[in-house]
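> heads up, no residue letters with this:
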């Protein structure tokens with residue numbers, strides 16, 4: 001079962017991205033793609049089959065960026081070479097990084 005939420009330029013997917021559900025997402029997005037700043041949140045996706053992978057790859061080719069905050073979804077995005085979003089939910093992980101001190105000579 002797949003739950004889909006489409007709000008402005010955010011497509012949030014939860015559950016299994018397979019077969020007919022993946023085809024439905026492909027049809028929906030090719031008709032109503034929101035433009036160059038589409039973000040696809042796949043964090044709550046639990047399984048992706050070959051049809052789902054093809055749809056995610058298509059969204060990546062259209063310029064979408066992906067939020068993947070679990071090991072499984074990160075692996076899927078890495079394997080399919082999907083671009084990860086650098087803002088929004090992905091900032092949670094970046095907040096644990098200690099900022100580098102900048103010296104005047106570095107500026």
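Cool, the structure landed. The structure presented is a predicted model; accordingly, all values stated were derived computationally and were not measured. Numbering: from 1, shown residues only.

> can you give me the strands in this protein?
Taking DSSP state E as the test, the strands found in the chain are 2-7, 10-17, 39-48, 65-67.

> how far away is the spatially most central residue of the chain from residue 75?
Nearest to the geometric centre of the chain sits residue 66, at 1.9 Å (C-alpha atoms, centre = their mean). Computed as C-beta to C-beta, to the nearest Å, the residue 66 to residue 75 distance reads 12 Å. In this view, the C-beta of every residue, glycine as well, is placed from N, C-alpha and C.

> distance between stretch 59-69 and the chain's centre?
In terms of C-alpha atoms, centre = their mean, to the nearest Å, the centre of stretch 59-69 is found 4 Å from the chain centre.

> Kindly report the same for stretch 66-76.
Using C-alpha atoms, centre = their mean, the distance between the centre of stretch 66-76 and that of its chain works out at 8 Å.

> For that stretch, buried residues please.
Applying a neighbour-count criterion of 16 or more other C-beta atoms under 10 Å, the buried positions in stretch 66-76 are 66, 67, 68, 73, 76.

> what about the closest residue to the fourth one other than its chain neighbours, neighbour count?
Just to be clear, that refers to residue 73. Once flanking residues are discounted, residue 73 sits nearest to residue 42: 4.7 Å by C-beta to C-beta, 6 or more residues apart in numbering. With neighbours defined by other C-beta atoms under 10 Å, the count for residue 42 comes to 25.

> need the contact list for residue 42.
With contacts defined as C-beta atoms under 8 Å, 6 or more residues apart in numbering, residue 42 is in contact with 13, 17, 56, 66, 67, 68, 73, 76, 77.
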